[in-house]
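Predicted model and sequence follow; I will ask about them next.
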Amino acid sequence: MGLFRSAEEKTAIRVKKEEDRYLRSPIGRATAAHARGDSIFQLALTVDVDSAVTLSQIEAIGWRLENTGYAYEVDVSSNSNGDDQVSSVFTSGKLTGVYLLRRVDGHLSPLI
């Protein structure tokens, strides 16, 4: 391979990167699992404005939301003053939803 890539090589690399990014995304993973014939699909998403849209798109592929759980991750940091005493404490957190989806085919039994 030479020092410079042709326009075709650059396009092929860009397309491959886009495909890889899609397959790692929640929608891409749900699509691949559905295409494989998986009967269940589990997904963890940060709960935000876009998570409901993502779940709706996944259901449109052919999945039905069966169960949901949540976890709250807390981050704590502190600053100390010159006397090695804690002068301030900062906390932040992130809510993560763990979603279990079942393939919608009509012939699968429900979760027990």
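Here it is on my side, so go on.

what's Asn79 in contact with, if anything?
86-88, 90 (CB atoms under 8 Å, 6 or more residues apart in numbering). Any C-beta I mention is one placed from the backbone N, CA and C, and that applies to glycine too.

Kindly indicate which of those lies nearest Ser56.
The closest of these to Ser56 turns out to be Phe90 (CB to CB; 34.7 Å).

circling back: from the contacts of Asn79, which is closest to Asp38?
Distances from Asp38 to those, taken by CB to CB, are shortest for Phe90, at 41.5 Å.

what's the spacing between the residue nearest to that closest one when sequence neighbours are not counted and Thr91?
Spatial nearest neighbour of Phe90, chain neighbours left out: Ser77 (5.0 Å); criterion: CB to CB, 6 or more residues apart in numbering. With the distance defined as CB to CB, to the nearest Å, Ser77 ends up 8 Å from Thr91.

count of neighbours near Asp38?
Using other CB atoms under 10 Å as the criterion, Asp38 is surrounded by 15 other residues.

Okay, and Tyr72 sits in which element?
Element membership for Tyr72 (DSSP states H and E) is strand 63-80.

An error on my part: the question was meant for Glu59.
Residue-wise, Glu59 maps onto helix 51-61 under DSSP H and E.

Can you check what angle separates that helix from strand 63-80?
150 degrees (axes from the mean of the first three to the mean of the last three CA atoms, to 10 degrees).
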